[in-house]
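Asks: got a sequence here, can you build the structure:
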Amino acid sequence: MTEAWLNIPERSSLFWLRAITWIALRLGRGVAWLLLYPITAYFLLFANRTGAASQAYLRRILGREPGFAERFRHYHTFACTLLDRVYVLAGQDRRLDIRVHGLELLERRARSGRGCILVGAHLGSFEIIRAVGRVRGGFKIKALMHGERTPLIAGLYRRLNPALHEDIVDMGNPSSLLGLDGHIAGGGWVALLGDRALHGDKRVLCDFLGAPAYFPQAPVLLGQILQAPLLLFVCLHRGWGRYEVYFETLTEAPPGLPRGERETAVRDIMQRYAGRLEHYCRLAPYNWFNFHDFWRIED
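Replies: Predicted coordinates:
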């Protein structure tokens, strides 16, 4: 995996983003949902680079060459999650049907008074975790992210809910870890994505969908620093406004280890993550939204 995904230009128009957001919030989800069809067709026909990545992924998960309808469905599922994100950020997530599996794991952590690290993926909707936190009753979530690579979309979402963006921490900032230990000690959650790494980051090769691919070491190293358990979470889109959220324990707080043993321990944990990610990809094959050459290994 390379930093190439950082260089993929945003192909959005601010006018149309605002228009569909206005339609979604004022005319209803049904009208906005109909508009997703021509939008999906446009991106499927003209986004050659991400289209090739989509096709490569579908070839692996389906075990054959995907047809046009399957490639359309992949893009359309992504568009649906972006539309539903509008409702989450606007505080209207009650429009969505969200079912949670493994909530008892979070409740057990909450009773302990100490928070945990949630390791998500570009699978389904990362933002749904915010709705879960709000419904669950005030769980405080800080999301670690690699800056803003889609500034138009990010700016639109920020205007919808400025308060939520106050809890986004830029991983590229050297001071990004400051305060996270206090956040965890106070029972807060720290959420980050475990399936995308930058060239130059500490990475580890794991088997994923039949071939090796780079995964970041950051989730495990953060767990070691903060002495916090790692929980996997995925939010699968299951159709018209329906989501299934899964929580699983990946590991208790990773112990500090000598350098020689550390890499093996990190790889074991991230391979467990990759294995569970593959399981959920097979469960909902059109939910994987890593639209770049994920299996490229350049060094």
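
Asks: ends of stretch 104-118, what's the gap?
Replies: One end of stretch 104-118 sits 14 Å from the other (CA to CA, to the nearest Å).

Asks: so what touches that stretch?
Replies: With contacts defined as CB atoms under 8 Å, 6 or more residues apart in numbering, stretch 104-118 is touched by 129, 136, 139, 141, 183-192, 219, 222-223, 226, 228-233, 247-249. In this view, the C-beta of every residue, glycine as well, is placed from N, C-alpha and C.

Asks: so which of these sit within helices?
Replies: Within the contacts of stretch 104-118, residues falling in helices by DSSP state H are I129, R136, H183, I184, A185, P219, L222, G223, L226.

Asks: can you give me the helices in the stretch 51-200 of the chain?
Replies: 68-89, 103-112, 128-137, 151-160, 162-165, 180-185 (DSSP state H, counting those that start in this stretch).

Asks: I'd like those written out as JSON lines, with mean pLDDT and distance to P38 added.
Replies: Output for the helices of the stretch 51-200 of the chain, formatted as JSON lines (pLDDT from 0 to 100; distance: least, CB to CB, whole Å):
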{"stretch": "helix 68-89", "mean pLDDT": "92", "distance to P38": "10"}
{"stretch": "helix 103-112", "mean pLDDT": "84", "distance to P38": "38"}
{"stretch": "helix 128-137", "mean pLDDT": "68", "distance to P38": "26"}
{"stretch": "helix 151-160", "mean pLDDT": "68", "distance to P38": "18"}
{"stretch": "helix 162-165", "mean pLDDT": "68", "distance to P38": "29"}
{"stretch": "helix 180-185", "mean pLDDT": "89", "distance to P38": "43"}
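
Asks: possible to save those helices as CSV with distance to W288 and mean neighbour count?
Replies: As requested, these are exported to CSV (distance: least, CB to CB, whole Å; neighbours: other CB atoms under 10 Å):
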stretch, distance to W288, mean neighbour count
helix 68-89, 8, 20
helix 103-112, 24, 14
helix 128-137, 16, 19
helix 151-160, 19, 16
helix 162-165, 24, 13
helix 180-185, 28, 17
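
Asks: now for those helices, which one comes closest to L209?
Replies: Smallest distance to L209 across these (CB to CB): 14.6 Å, for helix 68-89.

Asks: do you know which of the helices of the stretch 51-200 of the chain lies nearest F291?
Replies: Taking CB to CB, helix 68-89 is the member of those nearest to F291, at 8.1 Å.

Asks: check which residues of the one helix or strand W22 maps to are buried.
Replies: With secondary structure defined by DSSP states H and E, W22 is part of helix 14-26. The neighbour-count check on helix 14-26 (16 or more other CB atoms under 10 Å) flags L17, I20, T21, I23, A24 as buried.

Asks: that helix to helix 68-89, inter-axis angle?
Replies: 70 degrees (axes from the mean of the first three to the mean of the last three CA atoms, to 10 degrees).

Asks: what's helix 14-26 packed up against?
Replies: Packing partners of helix 14-26 (3 or more CB pairs under 8 Å, 6 or more residues apart in numbering; DSSP states H and E): helix 29-46, helix 68-89, helix 151-160.

Asks: show me the contacts for L25.
Replies: V86, Y87, A90, Q92.

Asks: cool, and C206?
Replies: Counting by CB under 8 Å, 6+ apart, C206 has contacts P212, A213, Y214, F215, R267, M270, Q271, Y273, A274.

Asks: what's the neighbour count on the first one?
Replies: By other CB atoms under 10 Å, 13 other residues sit near P212.

Asks: likewise for the last one?
Replies: Look at A274: counted by other CB under 10 Å, it has 23 neighbours.

Asks: separation between it and R130?
Replies: 25 Å (CB to CB, to the nearest Å).

Asks: cool, the second one as well?
Replies: In this structure, A213 and R130 are separated by 28 Å, where distance is defined by CB to CB.

Asks: list the neighbouring strands of the strand with the most length in the chain plus their orientation.
Replies: Criterion DSSP state E: the longest strand present in the chain is strand 242-251. Sheet pairing of strand 242-251 (DSSP bridges) gives strand 97-101 (parallel), strand 230-237 (antiparallel).

Asks: mind checking the end-to-end distance for stretch 234-254?
Replies: 21 Å.

Asks: from the chain's centre, how far out does it sit?
Replies: For stretch 234-254, the gap between its own C-alpha mean and the chain's C-alpha mean amounts to 10 Å (CA atoms, centre = their mean, to the nearest Å).
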